[in-house]
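Undergrad: predicted model and sequence below, questions to follow.
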Amino acid sequence: MKDLSDLQSYNRVLVDITALAYNYRLLSSLMPEGIELLAMVKGDGYGHGMIESAKAFAKAGCVTFGVAELREGVLLREAGIEGAIFVMVGFIPDQVSHYFTSCLTPVVFSSEAIELLAQTALERDTTIDIHLKVDCGMSRLGVQPSEVGRFARLIESLPGVHLAGVVSHFPESDNVKSESTNKAYRTFETACQAIGGQVHVLNHIANSGAVLNFPETICDMGRAGIALYGYPPSTDPEDAVVGNKRLRPVMSFTTRVVMVKTVAAGTGISYGHTFVTERETKLAVLPVGYEDGYPRCLSNRGEVLIKGKRASILGRVCMNLCMVDITEIDGVEVGDEAVLLGSQGQETITADDIAGWAGTISYELLCMLGNNNQRVYTE
């Protein structure tokens, strides 16, 4: 096979390993004495790379991880990740053996899943710890709070399974003024009390927003997701301040100028001519588009950084290309770096900035960019 090291993509996602570790330690400092912080690495580490992110968190002291699908948990184990790995989105029957062969912790929300885990555990002459998911206001996965006692009794009656924890999730903890968070927490507390006090179980509900805004809800474990990658779950940049320190964005996204050209006033730009120049305009053509996770809805809205200055996107974002206005930026040449996410000079474009232009959230932006481009890990 030919050496293609000199033929890498123009577009690169840079992931700062040091920032991952820093954020984990900073958020861990919010945990009460003896309480662990679980690191969510689902969604390929929110676009940052699941295995690389988990290794960075582990190096920073993390011993508990969360994923969505069973396959993600197996991949983490195969990559050498130790400690507990929680699988949050359940499983289908023919997958159940992987919980045992990879030593994973199932989060359950149906009697069928509980019974199948118990049956498989008996066949293997072992016992497996399970965590029961309760729906406290998200209206997605989880048993109803009124059913927790019944499910706890079911688990107690079955050899092979042990109720090790109760888990839920907040729908609005990103909003420090949300009334639903306190309501959901009261519901969760009541549900947990239905289990009784014979055996202590690990209760956990606090996601990134709750860890930052509602520390009283941390219970026996915190679970951080987006905050580990440098962004608060809200769009307020001040929510990224923890004590006298600030979360560090982990990802940046760069490309290169592939053409510089000047067009006359009255020239239509890109598909549909949704932008027509009102003056002679100098353009930089960038080899990035919606194929690379850079949303088409940034057409005529987004900005990039070139030579440390902001350049507006003109016209529609194409599959592989977009055009930006560099009329007021001197000295731009083919090969110059353009920063779509991150800092250049004194200017910074955040994932929240791009998400605001695109009408979405930082989570989606990071996943799209990270999973559609070559990732380079730096320290």
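TA: In hand now; what should we look at?

Undergrad: can you pull out the helices in this structure?
TA: 17-28, 42-46, 50-59, 70-78, 97-101, 111-123, 148-157, 179-193, 208-213, 351-358, 362-371 (DSSP state H).

Undergrad: the fourth one: how far from the chain's middle?
TA: Mean C-alpha position of helix 70-78 versus that of the full chain (C-alpha atoms, centre = their mean, to the nearest Å) differs by 17 Å.

Undergrad: what's that helix packed up against?
TA: helix 50-59, strand 64-67, strand 84-87, helix 97-101 (3 or more C-beta pairs under 8 Å, 6 or more residues apart in numbering; DSSP states H and E). Yep, even glycine has a C-beta here, placed from its N, CA and C like the rest.

Undergrad: hmm, try it at 7 Å
TA: Packing partners of helix 70-78 (3 or more C-beta pairs under 7 Å, 6 or more residues apart in numbering; DSSP states H and E): helix 50-59, strand 64-67, strand 84-87.

Undergrad: which residues does residue 282 bridge with?
TA: residue 262 (DSSP bridges).

Undergrad: wait, what's in contact with it?
TA: 262, 326, 327 (C-beta atoms under 7 Å, 6 or more residues apart in numbering).

Undergrad: I'd like the distance between the second one and residue 194.
TA: Counting by C-beta to C-beta, to the nearest Å, the separation of residue 326 from residue 194 is 63 Å.

Undergrad: looking at those two, which has the bigger crowd around it?
TA: residue 326 (24 against 17; other C-beta atoms under 10 Å).

Undergrad: for the more buried one, phi and psi?
TA: Main-chain torsions, residue 326, degrees, to the nearest 10: phi -120, psi 20.

Undergrad: quick one, what contacts it?
TA: Residue 326 touches 282, 283, 284, 306, 311, 332, counting by C-beta under 7 Å, 6+ apart.

Undergrad: how about a cut-off of 10 Å?
TA: 257, 260, 262, 281-284, 304, 306-307, 309, 311-312, 332, 336, 338 (C-beta atoms under 10 Å, 6 or more residues apart in numbering).

Undergrad: would you turn the contacts of residue 282 into TSV with distance to residue 145 and pLDDT?
TA: Putting the contacts of residue 282 into TSV (distance: C-beta to C-beta, whole Å; pLDDT from 0 to 100) gives the following:
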residue	distance to residue 145	pLDDT
262	65	98
326	57	98
327	60	98
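
Undergrad: can you list those in a markdown table and add distance to residue 57?
TA: Listed next are those as a markdown table, based on distance: C-beta to C-beta, whole Å:
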| residue | distance to residue 57 |
| --- | --- |
| 262 | 48 |
| 326 | 40 |
| 327 | 44 |
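
Undergrad: nearest to residue 34 among those residues?
TA: residue 326 (55.1 Å; C-beta to C-beta).

Undergrad: which helix or strand in this protein has the lowest average pLDDT?
TA: strand 241-242 (a mean of 89; mean pLDDT, DSSP states H and E).

Undergrad: and that strand, how far from the chain's centre?
TA: 19 Å.

Undergrad: pull up the pairing partners for it, direction included.
TA: strand 245-246 (antiparallel).

Undergrad: residue 70 against residue 104, yeah?
TA: Yes: using C-beta atoms under 10 Å, residue 70 makes contact with residue 104 at a distance of 7.0 Å.

Undergrad: intersection of neighbour lists for these two?
TA: With C-beta under 10 Å, 6+ apart, residue 70 and residue 104 have common neighbours 85, 87, 91, 98.

Undergrad: let me know the closest of the residues you listed to residue 296.
TA: The closest of the shared contacts of residue 70 and residue 104 to residue 296 turns out to be residue 87 (C-beta to C-beta; 34.0 Å).

Undergrad: contact partners for the closest one?
TA: For residue 87, the contact set (C-beta under 10 Å, 6+ apart) comprises 42, 66-74, 95, 98-99, 102, 104-108, 131.

Undergrad: buried only: go through the residues you listed for me.
TA: Burial by neighbour count, judged by 16 or more other C-beta atoms under 10 Å, picks out 42, 66-70, 72-74, 98-99, 102, 104-108, 131 from these.

Undergrad: so which of the helices and strands packed on helix 70-78 gets nearest residue 175?
TA: Comparing the helices and strands packed on helix 70-78 under C-beta to C-beta, the one sitting nearest is strand 64-67, at 22.4 Å.

Undergrad: packing partners for the closest one?
TA: strand 36-40, helix 42-46, helix 50-59, helix 70-78, strand 84-87, strand 105-108, strand 202-204, strand 221-224 (3 or more C-beta pairs under 10 Å, 6 or more residues apart in numbering; DSSP states H and E).

Undergrad: got the CA positions of it in PDB?
TA: Output in PDB follows, covering the C-alpha atoms of strand 64-67 (Å, rounded to 0.1, in the frame of the first residue of the first chain):
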ATOM      1  CA  THR A  64     -16.600   4.700  36.000                       C
ATOM      2  CA  PHE A  65     -17.800   5.300  32.400                       C
ATOM      3  CA  GLY A  66     -21.200   5.500  30.600                       C
ATOM      4  CA  VAL A  67     -22.100   4.600  27.100                       C
END
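
Undergrad: show me the contact partners of it.
TA: With C-beta under 10 Å, 6+ apart, strand 64-67 has contacts from 36-45, 50, 53-54, 57-58, 72-76, 81-89, 104-105, 107, 167, 202, 204, 221-225.

Undergrad: same thing but 8 Å
TA: Residues outside strand 64-67 that contact it (C-beta atoms under 8 Å, 6 or more residues apart in numbering): 36-42, 50, 54, 57, 73, 76, 81, 83-88, 221, 223, 225.
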